[in-house]
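Engineer: below are the sequence and a predicted model; questions follow.
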Amino acid sequence: MNEPLIVGPTDGNFTYTNEPQLTKLGPHRFMIPANYFTDQIGPDFQGGAILELVWPKLEAAPPGWTRTTNALQQAHLVVANLDYIDKRPLQNAMDSSLRTGSNDPILRQDPTDNIEYRTRVDDVLGLERWVVSEEDKARYLKLTEGQRDRYGLPADPWNIKDWYLRRDAQGHVLTRMRCDPLAKPDGLVIQGDTLVKDGNPRVALCTHTFSIPSYDVMLVVDYPRVVMHEWQRIEARYRALMDRYYIGTERNGDKP
């Protein structure tokens, strides 16, 4: 809250700065500098908050930076959507991500959406790794024979994500990652503090989900798979950011 004001470029009548913006997540209130937001302005018109950090330092971009970036520069962004969970317990929201909520008995056996029908292989980076094996595919295709138009697996095998999980002793999900399968090239390589193209046309991505129970918030974070080894640092950085800019709780009209 005592950070010096940084003034960036002006676009029309708007000047980009790092001025703190009131951000509401349920009853929780934060004052987050504008340059952390994906548009570098603040929460959207519905109050939604999407934040960005720039790899490798995992700091906010300078005000106005995202206006002029190219695709390769944008590949350095670690983008988090903050979702306040109030309709059900936060842990339930995390745990339910391992299986479809469908009542269809066949869809409940689709290995792309249900961990019970996936295969666990060697752990990676301290995370359980669950894949859709050839045996898993064959079983489901036999189950859906004659109904492929309704129940078929994705035609492109690269659309079947690998799952990575961190769970507590009771089996509750603490971290969930869905990444493009390892058969898909990274699309990027790390050279020092920079990501550069590796000659492949498409970049392999990860969607990384974790929660901050003290604020009843679930974060869904997207970034290139080539930096997934940083998953613990990414979680720690977003947790620290939320704590740093937290100003209090507003309930029943009381101001924090």
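Structural biologist: Structure's in. What do you need?
Engineer: what about the helices in the stretch 51-200 of the chain?
Structural biologist: 71-74, 90-95, 134-143, 148-151 (DSSP state H, counting those that start in this stretch).
Engineer: who wins for proximity to Ser211 among the ones you listed?
Structural biologist: helix 90-95 (5.4 Å; CB to CB). C-beta coordinates here come from the backbone N, C-alpha and C atoms, glycine included.
Engineer: residue ranges with poor pLDDT in this protein?
Structural biologist: 1, 252-256 (pLDDT under 70).
Engineer: center of it - which residue?
Structural biologist: Val221 (1.7 Å; CA atoms, centre = their mean).
Engineer: give the helix, strand or coil label for it.
Structural biologist: Three-state assignment for Val221 (DSSP: H, G, I helix; E, B strand; the rest coil): strand.
Engineer: follow-up on the earlier one: hey, which of the helices of the stretch 51-200 of the chain is tucked in deepest?
Structural biologist: By mean neighbour count, with neighbours taken as mean count of other CB atoms under 10 Å, helix 90-95 ranks first of those at a mean of 16.
Engineer: list the buried residues of stretch 207-214.
Structural biologist: His208, Thr209, Phe210, Ser211, Ile212 (16 or more other CB atoms under 10 Å).
Engineer: for stretch 179-197, same thing?
Structural biologist: By neighbour count on 16+ other CB under 10 Å, the buried set for stretch 179-197 is Cys179, Asp180, Lys184, Pro185, Asp186, Gly187, Leu188, Leu195.
Engineer: of the residues you listed, closest to Glu59?
Structural biologist: For those, the nearest to Glu59 is Leu195 (15.9 Å; CB to CB).
Engineer: residues contacting that closest one?
Structural biologist: Neighbour list for Leu195: Trp55, Leu72, Ala75, His76, Leu188, Val189, Pro224, Val226, Val227 [criterion: CB atoms under 8 Å, 6 or more residues apart in numbering].
Engineer: check Ala34 too.
Structural biologist: Tyr16, Thr17, Asn18, Glu19, Pro20, Gln21, Gln40, Ile41, Gly42, Pro63.
Engineer: tell me how far the residue nearest to Ala80 when sequence neighbours are not counted lies from Pro56.
Structural biologist: The spatial neighbour of Ala80 that comes closest, neighbours along the chain excluded (CB to CB, 6 or more residues apart in numbering), is Val221 at 4.4 Å. Using CB to CB, to the nearest Å, Val221 is found at 15 Å from Pro56.
Engineer: residue contacts, Trp163?
Structural biologist: Leu98, Ile115, Arg118, Glu128, Arg129, Trp130, Val131, Arg176, Met177, Arg178.
Engineer: drop anything exposed from those.
Structural biologist: Leu98, Ile115, Arg118, Glu128, Arg129, Trp130, Val131, Arg176, Met177.
Engineer: ends of stretch 34-41, what's the gap?
Structural biologist: Taking CA to CA, to the nearest Å, stretch 34-41 runs 5 Å from one end to the other.
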